[in-house]
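Visitor: Show me how the following folds:
(one chain, ligands or ions: 1)
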Amino acid sequence: MLASLLPLAGGLVALWALLSAAFAWGARRAQRLGELRACEAFRAAPRAGAGASRTRLAFLGDVQRGIADVLEPLRGALAESGADLLISSGDLISHGEAPYYGIALAAFERAGWTTPTRLVPGNHELWPRRSKDDRIGGALFEARFGARHWVARSGPVLIVGLDNGADWLADDQLPWLRAALAAAPTAPWILVCHRPLYPFDTDVRTPHADLAGLANALRPRPPLLVVSGHLHRYHDEVVDGVRHLVNAHGGDVHGLAIRRGDFQWVRVDVEGATCEVHVESLPRRRSSAAYIDQLAVRLWSDRRKPLGALLAWPARLVLRALGRDVPVVRYPEERRVPAREVLIARRAEAPSA
Ligand SMILES: [Fe+2]
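Guide: Numbers count the residues shown, from 1 in each chain. All right, here's what the predicted structure looks like:
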């Protein structure tokens, strides 16, 4: 009886060793991805100079895991349309941890990305998995992409990016916004922020409590457009004299990779003080390398769970003895967005990652 169980036990041990090696491979690859920096396109100036009377802008909504199949087709479409600047309205990255940033940065690098690109932080850039501490992803965002709010000039228009990815952060940026607009007193402008100012997935048209100050700040000098994402469907509506676009379907707005049809980007042509909006659809094109990166980071992340920790254990034991183990990174679990007072107190502290 015992002898007959030996092959089964041997097979299970071999399977455990194999899975453990896979976890070790994933952790090592994820660690390398976490060290990547953004390619030059994220720092390049928009192609239309400040003296140009027109510009062609491209907006990309929530991408997350769609990064594995949208960049190649989008690169071709942007080259064809002559886009001067691509702006992501946030949730380009799946989670606010270095390896997840690395998946996207590697994908842009492999795509040979050259279109000047900017992004505002979404909740997914700011929060690690199972945490609502925006200091962690916020520090990564700043290290990879620069300031969490910014202004760019493309031809006749100012594009202002604000960070409202985590709640209760917008009010602090209002003095900066007013100063940025005052520096270009006659330019038309476009606001980009991840969360829409209004709950467009309901019938209510009063702004979210933490964004009421921002909605008021638009009144003296209304923007041509407010572009956001975050909600799960496209929306285009004028509220209080301002046109709001919710540009969600850039790849994977649900974060579950369940939408497999075409993805969308929005082309905005600005001439003088007017703009035209065109919603464009593109078929996806799979990048095997990006899928492999996603698998590696998944394995890296799953080592935090009890089953993953158990499966990864044999190889970790060996690698630890060799001084080559990739440590497990854990953040305190935080299911709910903290109260405003907690966020304000946190911002006064040094980043925890
Ligand atoms: Fe979001």
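Visitor: low-confidence ranges in this structure?
Guide: 1, 256-259, 350-353 (pLDDT under 70).
Visitor: what does it have sitting close to the ion?
Guide: 91, 122-123, 230 (C-beta under 5 Å from the ion). Heads up, the C-betas are built off the backbone N, CA and C, glycines and all.
Visitor: Tabulate the residues you listed in CSV, adding columns for neighbour count and distance to Arg219.
Guide: Compiled in CSV, these are given as follows (neighbours: other C-beta atoms under 10 Å; distance: C-beta to C-beta, whole Å):
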residue, neighbour count, distance to Arg219
Asp91, 29, 28
Gly122, 31, 25
Asn123, 21, 27
His230, 24, 23
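Visitor: can you tell me the residue of the stretch 201-350 of the chain closest to the ion?
Guide: Residue nearest to the ion within the stretch 201-350 of the chain (C-beta to the ion): His230, separated by 3.8 Å.
Visitor: picking that back up, relative to Pro332, which of the residues of the chain next to the ion is nearest.
Guide: Asn123 (17.3 Å; C-beta to C-beta).
Visitor: Isn't that closest one up against Gly165?
Guide: Yes - counting by C-beta atoms under 8 Å, Asn123 does reach Gly165; the two are 4.8 Å apart.
Visitor: so who does Tyr291 touch?
Guide: When contacts are counted by C-beta atoms under 8 Å, 6 or more residues apart in numbering, Tyr291 touches Ala68.
Visitor: can you tell me how far it sits from Glu72?
Guide: 13 Å (C-beta to C-beta, to the nearest Å).
Visitor: what do you get for Cys275?
Guide: 28 Å.
Visitor: Please name the bridge partners of Ile87.
Guide: Under DSSP bridges, the beta-bridge partners of Ile87 are Phe59, Arg118.
Visitor: Pull the number of nearby residues for it.
Guide: By other C-beta atoms under 10 Å, 26 other residues sit near Ile87.
Visitor: you'd agree it is up against Val192?
Guide: Yes - at 5.4 Å, Ile87 counts as touching Val192 under the criterion of C-beta under 8 Å.
Visitor: For the two, list the residues in contact with both.
Guide: 59, 120, 159, 161, 227.
Visitor: For stretch 191-208, which outside residues touch it?
Guide: 59, 87, 89-91, 120-123, 159-165, 170, 211-212, 214-215, 218, 223, 225-233, 235, 237, 239, 244, 246.
Visitor: Try it again at 6 Å.
Guide: With C-beta atoms under 6 Å, 6 or more residues apart in numbering as the test, stretch 191-208 has contacts from 87, 89-90, 120, 122, 160-162, 164-165, 211, 215, 223, 226-231, 235, 239, 246.
Visitor: among those, which are in strands?
Guide: Counted as lying in strands by DSSP state E, out of the contacts of stretch 191-208, are 87, 160-161, 226-228, 235, 239, 246.
Visitor: hey, where'd the helices end up in the stretch 101-250 of the chain?
Guide: In the stretch 101-250 of the chain, the helices defined using DSSP state H, counting those that start in this stretch lie at 123-126, 134-145, 174-182, 212-217.
Visitor: List the buried residues for the last one?
Guide: What that stands for is helix 212-217. 214-215, 217 (16 or more other C-beta atoms under 10 Å).
Visitor: do the same with the third one
Guide: Along helix 174-182, these residues count as buried under the neighbour rule (16+ other C-beta under 10 Å): 177, 180-181.
Visitor: list the helices and strands it packs on?
Guide: Counting contacts by 3 or more C-beta pairs under 6 Å, 6 or more residues apart in numbering; DSSP states H and E, helix 174-182 packs against no other helix or strand.
Visitor: CA atoms only: put it into PDB for me.
Guide: Output of helix 174-182 as PDB, limited to C-alpha atoms (Å, rounded to 0.1, in the frame of the first residue of the first chain):
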ATOM      1  CA  LEU A 174      -7.000  74.900  -6.500                       C
ATOM      2  CA  PRO A 175      -4.600  77.700  -5.800                       C
ATOM      3  CA  TRP A 176      -2.100  76.100  -8.100                       C
ATOM      4  CA  LEU A 177      -4.800  75.700 -10.800                       C
ATOM      5  CA  ARG A 178      -5.700  79.400 -10.600                       C
ATOM      6  CA  ALA A 179      -2.100  80.400 -10.900                       C
ATOM      7  CA  ALA A 180      -1.500  78.100 -13.900                       C
ATOM      8  CA  LEU A 181      -4.500  79.600 -15.700                       C
ATOM      9  CA  ALA A 182      -3.500  83.200 -14.700                       C
END
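Visitor: For it, give me every contacting residue.
Guide: 151, 213, 217, 221.
Visitor: How about the last one?
Guide: Counting contacts by C-beta under 6 Å, 6+ apart, the residues outside helix 212-217 that touch it are 170-171, 174, 197, 207.
Visitor: Quick check on those residues: which are buried?
Guide: Using 16+ other C-beta under 10 Å as the burial test, those include 170-171, 197, 207 as buried.
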